[in-house]
Structures are given as C-alpha cells and as structure tokens.
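A.B. asks: Only the shape, not the letters, is given here:
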C-alpha cells in the first residue's frame with residue numbers, strides 16, 4: 001500500500017518526516033539519502049552486512065572463534081562490509097562513465113578454451 005503526503009522544505013533545506021511514516025519504516029537517528037534518476041529516496045539507515053551474516057559467522061567459527069570473542073570479531077567484520085560494497089559501487093560507476101577500465105569474466109578467470 002502506497003501512502004503520499006506533501007511536506008514543506010525549510011529555507012535550510014530541512015524536512016520533517018511524517019510521524020506515521022517515521023514509525024512504520026523504523027527510522028532512528030540517521031537516514032540514508034539516495035539520488036536515483038530524478039528521485040530522492042530517504043530510508044532508514046540499516047547496519048550493512050546483515051545479508052552476509054551467515055557467511056561471516058561460518059568463517060569466524062571455522063577460524064576457531066566462539067563465545068564473546070566470536071561476537072567481537074563478528075562486529076569488526078560486519079563493519080567492513082559497507083565500505084567494501086560502497087567501493088565496488090563507486091568503481092562500477094566509474095566504469096559505466098568510461099573513467100575506469102573494466103574486467104571481463106575471462107580476464108578474471110581465464111578462458112575455458114585451453
């Protein structure tokens with residue numbers, strides 16, 4: 001179900017998120033602002049790395065971590081995910097703009113024809 005509400009933007013470019021939208025989407029103290037084509041998307045800032053949680057945990061357990069040390073190492077690894085993904089997206093954007101070279105699957109993995 002879509003909801004729509006017209007909101008004002010202050011002279012300082014500030015806006016207020018309607019309370020029911022704020023509550024429904026689970027905003028906290030920070031939001032992510034994305035420019036997508038001709039749209040501005042504002043959404044709650046989520047801790048990144050959740051999509052890789054199982055892989056991170058499996059790797060850390062395999063390395064021998066458990067208990068509180070596992071929790072500590074998981075938090076460290078989880079914080080590294082977002083910067084890595086952002087770096088990959090920036091590089092992809094440079095490639096799309098023709099400002100950087102790109103690599104094909106063959107460049108990375110070699111040719112199947114040997």
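C.D. replies: Looks like it came in fine. What you are looking at is a predicted structure, and each value in this text was computed from that prediction instead of being measured.

A.B. asks: rest of the way, CA atoms for contacts and neighbours
C.D. replies: OK.

A.B. asks: and residue 72, how many neighbours does it have?
C.D. replies: 12 (other CA atoms under 10 Å).

A.B. asks: Against residue 66, how distant is it?
C.D. replies: According to CA to CA, to the nearest Å, residue 72 stands 10 Å off from residue 66.

A.B. asks: ok, and the helix or strand in this protein with the lowest average confidence?
C.D. replies: helix 105-109 (a mean of 71; mean pLDDT, DSSP states H and E).

A.B. asks: give me phi/psi at the closest residue to residue 65 other than its chain neighbours?
C.D. replies: Leaving aside its sequence neighbours, residue 65 sits nearest to residue 73 (CA to CA, 6 or more residues apart in numbering; 8.0 Å). Dihedral pair for residue 73: phi -70, psi -30, per degrees, to the nearest 10.

A.B. asks: for residue 70, same thing?
C.D. replies: Backbone torsions for residue 70, taken as degrees, to the nearest 10, come to phi -60, psi -50.

A.B. asks: I'd say it and residue 61 touch.
C.D. replies: Yes - contact criterion CA atoms under 8 Å: residue 70 and residue 61 qualify, at 7.4 Å.

A.B. asks: Local confidence estimate at the residue nearest to residue 65?
C.D. replies: Per-residue pLDDT puts residue 73 at 92.

A.B. asks: swap in the one 3 residues further on?
C.D. replies: According to the model's per-residue confidence, residue 76 sits at a pLDDT of 89.
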